[in-house]
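Q: Attaching a predicted model along with its sequence, questions to come.
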Amino acid sequence: MELLKSGEQPDYAVYAKDVVFSYDNKKNVVDHLTFSVKKGEIFGLLGPNGAGKTTTIKLMTTLLRPVSGELRILGMDYRSGNRLRSRLGVVLQDESFDFTTVERALDIYGYIWGVPRNIRKKRVNDLLEKFDLYDFRNKRMWDLSGGQKRRVQVAREFMHDMDLLFLDEPTTGLDPISRRKILDMIKDMSRNGLTVIFTTHILEEADYVCDRIAIMRSGKIVAMDKTEELKKRYAGAKTIEISLSKNRDRVLSMISTGEVSSDDNNDIIVTKDVNKTISEITELIKRFDASLEYINVRSVSLDDVFFNTINGEVS
Ligand SMILES: Nc1ncnc2c1ncn2[C@@H]1O[C@H](COP(=O)(O)OP(=O)(O)OP(=O)(O)O)[C@@H](O)[C@H]1O
């Protein structure tokens, strides 16, 4: 992993070394996290519920303080206060100005950040257009649908200038068109030099937008690489989806020619030699008198990489 020495990270938006955080002084929710994000990068934090993604974002945005470790954001120590905070944009999973209208909510946000009135007015209008909010500009926030509200929450961050934007599941509740629009905006802003760190459960989304991805589990990063590199680790591999109605566990536990991952609804086997794995499955089905309901072979997706990683298969 590429890391510069402490205090020498001109090109790094985030530099974290051995960062530890605990809510109760017992269990480390963020457990010796070491990573860096380059300026201008779009960096995705993925991982199952409770992995520590939101907590990591809260540490990087100074809402929480590490118990130990080194954490520098935009070259500044995390204790740098408003000098640092004014350079950050943050969209968390909840909170909004529910009492007021969409237009006013955007304006208030600009006001809080000290944007002059004439610039605010222009920005509000631009954002209403860009985020397709113009038709509801006079609606109160509490009258909006969940997805519309989410669009306002993301839009309002763009009321102020920033160098680093954090988005915690920004597309939750959005329809596919709105989602694509927000992702394209993120890409555009990154081309103009903005660094973006975001969390998502939607892997297609991470694949579409991220330059690099870190997969978290139990407060640790278990895989981190360029999106393409993560997929390349499985180049030439195929995914076999399988459904067995009888003696499933016995068959799956004996498979040796591929990596098996399972959850409640899904059994997949990632293999570099499909023919060999299918022969093995056929032989195991016979041996254990299992019943095959469904089998399908397809290319490896980012979902498979994620799924294998959270099941502990990727080094
Ligand atoms: N305010 C809090 N007080 C105590 N424990 C917390 C608090 N917030 C989160 N946790 C715990 O810390 C762990 C990590 O939570 P966190 O919200 O960072 O995970 P996450 O990866 O963002 O999950 P999700 O995908 O569900 O949003 C979980 O076990 C959670 O229960």
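A: Okay, I see it.

Q: Distance of residue 51 relative to the ligand?
A: 4 Å (C-beta to the nearest ligand atom, to the nearest Å). To be clear about C-beta, it is placed using only N, CA and C from the backbone, and glycine gets the same treatment.

Q: Name whatever forms a beta bridge with the most centrally placed residue in the chain.
A: Most central in the chain under C-alpha atoms, centre = their mean is residue 199, positioned 2.3 Å from the mean C-alpha point. Residues in a beta bridge with residue 199, per DSSP bridges, are residue 45, residue 168.

Q: That one touches residue 49, doesn't it?
A: No: using C-beta atoms under 8 Å, residue 199 is not in contact with residue 49; the gap is 11.2 Å.

Q: of all the residues in the protein, which ones are close to the ligand?
A: 23, 29, 47, 49, 50, 51, 52, 53, 54, 55 (C-beta under 6 Å from any ligand atom).

Q: Now for those, which sits with the most neighbours around it?
A: residue 53 (26 neighbours; other C-beta atoms under 10 Å).

Q: residues touching that one, list them.
A: Going by C-beta atoms under 8 Å, 6 or more residues apart in numbering, residue 53 touches 45, 46, 47, 168, 199, 216.

Q: Measure how buried residue 81 is and give me the count.
A: Quick note: residue 81 (other C-beta under 10 Å) scores 11 neighbours.

Q: Next, the contact list for it, please.
A: Applying C-beta under 8 Å, 6+ apart, the residues contacting residue 81 are residue 62.

Q: what's the spacing between it and the ligand?
A: From residue 81 to the ligand the distance is 22 Å (C-beta to the nearest ligand atom).

Q: And residue 18, by the same measure?
A: 18 Å.

Q: tell me the contacts of the residue lying closest to that residue once chain neighbours are set aside?
A: Spatial nearest neighbour of residue 18, chain neighbours left out: residue 69 (4.2 Å); criterion: C-beta to C-beta, 6 or more residues apart in numbering. Neighbouring residues of residue 69 by C-beta under 8 Å, 6+ apart: 16, 17, 18, 19, 20, 32, 33.
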